[in-house]
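>>> Just a sequence and a predicted model for now, questions to come.
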Amino acid sequence: MDWENARYLLVEQQIRPWNVLNPVVLDRILKTRREDFVPQDKKELAFVDVELPLANGAVMLAPKVEARFLQEIDLKATDKLLVVGAGAAYLVALAAGLCSQVVAVESDATQAELTNSQLKAAGIKNARVEVGDVLAKHASGPFDAIIATGSFATVPNELKEQLAANGRLIVVVGEEPMMHATLVTTDASERQVFDYNLPRLQREAAVFEF
């Protein structure tokens, strides 16, 4: 496959039509090899407009959703970002090129290890993934921006409380069949930015009993 052409078509045919027009975000997408961050058995689907299943019921977000999240959160070069539910490393890799530091928390240890190895292979040094409760207060906080990669019934107070002054949080909230990506700021405002359904974010690793 011609990955460079696929990346160009991704931007022109999926991402721009979804109202992602920020040139900084688009440039970062064109420079980041999404195909290196998808599960190996799904590499041919790297640029398809679908969510890709990951471990523990999580998903890798569709490319247009990752792009829209980044546009709405409006990262600055000096920002410190928290990604809640790391999923595949692609969103973390994109964000790492737009801000100073990315800390991601993932409940699944295997997924976290894979994500860290993918980031290392890509030469990304300002991002790391830790294993833990995705809603627990993080020692590196407060954060200028927070992105949640799964849904909640309502906006979690645990995340709002980790925002720095002038901080922004984007999270999908609601119940099927209608959920909304919601932008939350530290002045307590909440704005629905687009409709989209996502699986619930796994707060802690699943425990199997035998």
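That came in fine, so what should we check first? Numbering: from 1, shown residues only.
>>> can you pull the buried residues of the helix or strand residue 119 falls within?
Using DSSP states H and E, residue 119 sits within helix 109-121. Under the neighbour-count criterion of 16 or more other Cβ atoms under 10 Å, helix 109-121 has 111, 112, 114, 115, 116, 118, 119 buried. For the C-beta atoms, the positions are set from N, CA and C on the backbone; glycine is no exception.
>>> from these, which is closest to residue 1?
Distance to residue 1, by Cβ to Cβ, is smallest for residue 118 among the buried residues of helix 109-121, at 19.0 Å.
>>> Name the nearest residue to the closest one, ignoring sequence neighbours.
Closest residue to residue 118 apart from its sequence neighbours, by Cβ to Cβ, 6 or more residues apart in numbering: residue 89 at 4.1 Å.
>>> what about the one you found, distance to residue 36?
Taking Cβ to Cβ, to the nearest Å as the measure, residue 89 and residue 36 are separated by 9 Å.
>>> and what of residue 141?
If you go by Cβ to Cβ, the gap between residue 141 and residue 36 works out to 29 Å.
>>> Next, residue 130: phi, psi?
Taking degrees, to the nearest 10, you get phi -120, psi 150 for the backbone angles of residue 130.
>>> mean confidence score for the longest strand seen in the chain?
Longest strand in the chain, counting residues (DSSP state E): strand 163-175. On average, the pLDDT along strand 163-175 is 97.
>>> Partner strands of it, with direction?
Taking DSSP bridges as the criterion, strand 163-175 forms sheet pairs with strand 143-152 (parallel), strand 178-185 (antiparallel).
>>> Which residue ranges of the protein form strands?
For the chain, the strands defined by DSSP E cover 52-53, 59-60, 80-84, 101-106, 127-131, 143-152, 163-175, 178-185, 190-195.
>>> would you list the ones you listed in CSV and tack on distance to residue 93 and mean neighbour count?
Listed next are the strands of the chain as CSV, based on distance: least, Cβ to Cβ, whole Å; neighbours: other Cβ atoms under 10 Å:
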stretch, distance to residue 93, mean neighbour count
strand 52-53, 15, 16
strand 59-60, 12, 21
strand 80-84, 11, 25
strand 101-106, 9, 24
strand 127-131, 7, 19
strand 143-152, 13, 24
strand 163-175, 18, 19
strand 178-185, 21, 18
strand 190-195, 23, 14
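>>> Could you dump the ones you listed into TSV with distance to residue 69 added?
Output for these, formatted as TSV (distance: least, Cβ to Cβ, whole Å):
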stretch	distance to residue 69
strand 52-53	16
strand 59-60	13
strand 80-84	10
strand 101-106	13
strand 127-131	16
strand 143-152	5
strand 163-175	5
strand 178-185	7
strand 190-195	9
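>>> quick one: low-confidence parts of this protein?
55-56, 87-88, 204-210 (pLDDT under 70).
>>> run the last query once more with 90
The model of the chain has pLDDT under 90 over residues 1, 39-42, 53-59, 85-89, 107-108, 110-111, 186-188, 201-210.
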